[in-house]
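*Asks:* any chance you could fold what I've pasted below:
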Amino acid sequence: MWLAARWRRGQKHGPRLIAVTIDHGLRPEAAREARDVKRLARMLEIEHRTLRWTATKPKTGVPAAARKARYALLAKAARASGATHVATAHTRDDQAETLLMRLLRGSGIAGLA
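*Replies:* Numbering: from 1, shown residues only. The predicted structure follows:
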């Protein structure tokens, strides 16, 4: 988000940016995290929306179902705002978690890239 805001400021007529946070409703701290993202977006002068995955959660395959829901919600938000592009990103914590999970699964260097 920071990079997108910086890029936009460098343009003569930068595009409208909208940050969208998806709260999957899977962790109690997710609502607070969404508010933190909203605060940062405000500081960067970017619109922000929090969308919630309210469907019944499956008993198995939760990560795949959450991913599918996330991209469906992002597509809906993009259509609603007339967006022509969607960029996704992760926090440093997400990246660290992915790295650790892959290490625990025995991934080699290629899997950690």
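
*Asks:* how about the strands in the protein?
*Replies:* Under the criterion DSSP state E, the chain contains strands at 18-23, 47-52.

*Asks:* what sits up against the lengthiest helix in the chain?
*Replies:* If you go by DSSP state H, the chain has its longest helix at helix 62-81. The contact list for helix 62-81 (C-beta atoms under 8 Å, 6 or more residues apart in numbering) reads 16, 18, 20, 22, 24, 26, 49, 51, 53, 55, 57-58, 83, 86, 88. For glycine as for every other residue, the C-beta is placed from the backbone atoms N, C-alpha and C.

*Asks:* Arg8 against Trp2, yeah?
*Replies:* No: taking C-beta atoms under 8 Å as the definition, Arg8 is not a contact partner of Trp2, at 10.9 Å.

*Asks:* these two: which is more packed in?
*Replies:* Arg8 (16 against 11; other C-beta atoms under 10 Å).
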